[in-house]
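Undergrad: What follows is a predicted structure for the sequence shown.
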Amino acid sequence: MKLLMLGGTEFVGRSVVEEALARGWEVTVFHRGHSAPPPGAEVRIGDRSVPGGLAALEEGSWDAVVDTWKGAPAAARDAARLLSGRVGRHLYVSSRSVHPFPSTAGLDESGPVVDASPDDTSADDYARAKRGAELAALEAFGDRAVLARAGLVLGPYENIGRLPWWLGRIARGGPVLAPGPRELPLQYIDARDLAIWALDALHDGIPGGAYNLVSPTGHATMGELLDACVRVTGADAELRWADPDAVTAAGIEPWTELPVWLPPGELHDTLHRGDVSKALATGLRCRPVTETVADTWEWLRSVGGTAPLHPGRPAPGLSPEKEAAFWAQ
């Protein structure tokens, strides 16, 4: 297989490139040149957000293209149009955020989506930007387009900092604010499992359209995730489980200050209770949370213990002062 990866130097894109190279595929990576892709890939440099930025892709043909674009839909549209006659299939890594908030528990791919346009030149609204890029892929590739609607993504190379923050916090040891309940079900996907499913989908020619690409809800629990962090770090940390109402009453923000975690209720149902039966039926397999945590910790130590965050993203996590204040109340 000949694969064109639009991006391919960070997190999900890098996981896709590494998996494709491991399969012996010929991989071309189109990126802005800010960081190096995995060794073994052909490199083409360009910035699709500027006029003429796609010039490096005006020649060449590929069996498939994978795009993780999260900027203005018009840029995804221009790339898809340029490539549609020279690429067999298109897989766009989208997001379950294309569904309006809140979403009901058990929502599948047929649920309502936000209004968006492939011609939009703004990326201010993440949901609309992702949906607009979906429409761009569908417009150019039709039933040759696969929309992989990811949810929470974890694993090595994470440049958002959610799991790395928990690993770093637990590695410091001492009493750790663990937001309950322990049995709270999580729904996420390891970026490497996303990559495996995506390349299998392109190789096997699964039907086009949208697929919710996260684990079954409850594949892991909050307790299992944090217990795994304690084990792999070997830290002298004590998880102190707190009632979710007490956590939110203290002004601590779910998801941002306590990454991954959302208290039971509407938001948790939206993010952690989606229907993934369609992806499972087409081969999605999710590795154990212990493996995701261990490999992320190994990678984190290899880069000095601090995850390199995507430019412009605020670092997640609870400050030591705010955590101490919670225990003092």
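TA: Good, I have the coordinates.

Undergrad: what helices or strands is the helix or strand containing residue 153 leaning on?
TA: Here residue 153, judged by DSSP states H and E, is contained in strand 152-154. Packing partners of strand 152-154 (3 or more Cβ pairs under 8 Å, 6 or more residues apart in numbering; DSSP states H and E): helix 162-171, strand 188-190, helix 191-204. From N, CA and C alone the C-beta is placed, and that goes for glycine too.

Undergrad: Out of the ones you listed, which gets nearest to residue 58?
TA: Closest of the helices and strands packed on strand 152-154 to residue 58 is helix 191-204, at 22.6 Å (criterion: Cβ to Cβ).

Undergrad: gap between that closest one and the chain center?
TA: Mean C-alpha position of helix 191-204 versus that of the full chain (Cα atoms, centre = their mean, to the nearest Å) differs by 14 Å.

Undergrad: try stretch 93-100
TA: Distance, centroid of stretch 93-100 to centroid of chain: 11 Å (Cα atoms, centre = their mean).

Undergrad: Give me the mean pLDDT for that stretch.
TA: Averaging pLDDT along stretch 93-100 yields 97.

Undergrad: So for that stretch, first residue to last residue, what's the gap.
TA: 18 Å (Cα to Cα, to the nearest Å).

Undergrad: in it, what's buried?
TA: 93-99 (16 or more other Cβ atoms under 10 Å).

Undergrad: Run through who's touching it.
TA: 12, 66-68, 103, 107, 111-114, 116, 126-127, 130-131, 133-134, 147-151, 194, 198, 210, 212, 214, 270-271, 274 (Cβ atoms under 8 Å, 6 or more residues apart in numbering).

Undergrad: need the strands for the stretch 151-300 of the chain, in chain order.
TA: Using DSSP state E, counting those that start in this stretch, the strands found in the stretch 151-300 of the chain span residues 152-154, 174-179, 185-186, 188-190, 209-213, 220-221, 237-242.

Undergrad: Go through stretch 219-235 and flag the buried ones.
TA: So stretch 219-235, judged by 16+ other Cβ under 10 Å, has buried residues 219-230, 232-233, 235.

Undergrad: one step back: out of the strands of the stretch 151-300 of the chain, flag the one nearest residue 88.
TA: So among the strands of the stretch 151-300 of the chain, strand 209-213 is nearest, using Cβ to Cβ, at 16.3 Å.

Undergrad: buried set for that closest one?
TA: Neighbour-count burial for strand 209-213 flags 210-213 (criterion: 16+ other Cβ under 10 Å).

Undergrad: what sits against residue 216?
TA: Residue 216 touches 187, 276, 280, 286, counting by Cβ under 8 Å, 6+ apart.

Undergrad: I'd like a version of the buried residues of strand 209-213 in JSON lines, one that adds distance to residue 266 as further columns.
TA: Output for the buried residues of strand 209-213, formatted as JSON lines (distance: Cβ to Cβ, whole Å):
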{"residue": "210", "distance to residue 266": "23"}
{"residue": "211", "distance to residue 266": "24"}
{"residue": "212", "distance to residue 266": "18"}
{"residue": "213", "distance to residue 266": "22"}
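
Undergrad: just for the stretch 101-250 of the chain, where's the confidence low?
TA: Along the stretch 101-250 of the chain, no part satisfies pLDDT under 70.

Undergrad: where's the nearest residue to residue 227 once chain neighbours are set aside relative to residue 175, distance?
TA: Distances taken as Cβ to Cβ, 6 or more residues apart in numbering put residue 239 closest to residue 227, at 7.4 Å, once the chain neighbours are dropped. According to Cβ to Cβ, to the nearest Å, residue 239 and residue 175 sit 8 Å apart.

Undergrad: So these two - more neighbours on which side?
TA: residue 239 (18 against 12; other Cβ atoms under 10 Å).

Undergrad: show me what contacts the more buried one?
TA: Residue 239 makes contact with 176, 178, 226-227, 230, according to Cβ under 8 Å, 6+ apart.

Undergrad: Cool, thanks, signing off.
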